[in-house]
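Asker: Sequence and predicted structure below; questions after.
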Amino acid sequence: MPEKLHPNIEKVAAALREHGALGEIVVFSQATPTAATAAAQLGCAVGAIANSLVFDADGEPLLVLTSGAHRVDTDLVAETVGAAAVRRATPELVRAATGQPIGGVAPIGHPAPIRTLVDTWLQAHEVVWAAAGHPHSVFPTSYDELLRITGGVAAEVA
């Protein structure tokens with residue numbers, strides 16, 4: 001990692017250490033805002049990318065960590081969390097809930113904990129890659145570690 005990291009990446013690195021996570025953050029020279037671009041840079045399957053997607057669930061932020069090979073079924077997620085409606089969050093809600101930009105939202109390092117669902121399809125991959133708070137950064141983890149560090153609930157989301 002470069003000596004001087006973006007403040008968001010530093011927050012995620014601190015949260016990873018705090019939770020005893022094992023992976024080291026990787027910083028790219030180019031942004032990896034999509035699962036496909038991240039997978040191409042890492043040389044892994046797109047399904048091994050954990051997209052951190054923030055939704056508005058009845059006015060509350062909901063973080064869904066989904067395999068890059070999936071699209072979230074908002075009706076299924078609404079049923080899972082008991083919400084009347086789940087829809088994509090506005091960029092303003094994403095920034096307020098996570099302190100991070102769309103395209104770089106990490107599963108941790110937020111100002112306050114966010115209710116989180118973790119796609120069960122991610123368990124098919126020994127190594128799962130997640131954004132580290134900035135579109136140029138990712139970190140390796142495992143499905144079990146992702147559940148542990150986020151306090152998330154395993155769920156089918158697609």
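Answerer: Thanks, I have the structure now.

Asker: quick one, longest helix in the chain?
Answerer: Identified as the longest helix of the chain according to DSSP state H is helix 7-18.

Asker: list the helices and strands that one packs on?
Answerer: In terms of contact count using 3 or more Cβ pairs under 8 Å, 6 or more residues apart in numbering; DSSP states H and E, helix 7-18 is assigned the packing partners strand 137-141. C-beta: built from backbone N, CA, C; applies to glycine.

Asker: Neighbouring strands of the strand it packs on in the sheet, and parallel or not?
Answerer: Paired with strand 137-141 in the same sheet, following DSSP bridges, are strand 26-27 (antiparallel), strand 128-131 (antiparallel).

Asker: Mean neighbour count, those strands: which tops it?
Answerer: Highest mean neighbour count among the strands paired with strand 137-141 (mean count of other Cβ atoms under 10 Å): strand 128-131, with a mean of 27.

Asker: Can you list the residue ranges for helices in the protein?
Answerer: All helices of the chain, identified by DSSP H, fall at 7-18, 35-42, 74-81, 91-98, 143-150.

Asker: I'd like to check the angle between the fourth one and helix 7-18, please.
Answerer: Relative orientation of helix 91-98 with respect to helix 7-18: 40 degrees, computed using axes from the mean of the first three to the mean of the last three Cα atoms, to 10 degrees.

Asker: Any buried residues in helix 91-98, and which?
Answerer: For helix 91-98, the buried set under the neighbour-count rule, 16 or more other Cβ atoms under 10 Å, comprises 93-94, 97-98.

Asker: So which elements touch it?
Answerer: Contacts defined by 3+ Cβ pairs under 8 Å, 6+ apart place helix 91-98 against strand 49-57, strand 60-67.

Asker: Relative to residue 120, which of the strands paired with strand 137-141 is closest?
Answerer: Between residue 120 and the strands paired with strand 137-141, the shortest gap by Cβ to Cβ is with strand 128-131, which sits at 12.0 Å.

Asker: Extract the C-alpha trace of the closest one and format it as PDB.
Answerer: Extracted C-alpha coordinates of strand 128-131, given in PDB (Å, rounded to 0.1, in the frame of the first residue of the first chain):
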ATOM      1  CA  VAL A 128     -13.900 -13.000  -1.700                       C
ATOM      2  CA  TRP A 129     -12.900  -9.400  -2.600                       C
ATOM      3  CA  ALA A 130     -14.600  -6.400  -1.200                       C
ATOM      4  CA  ALA A 131     -14.200  -2.600  -1.800                       C
END
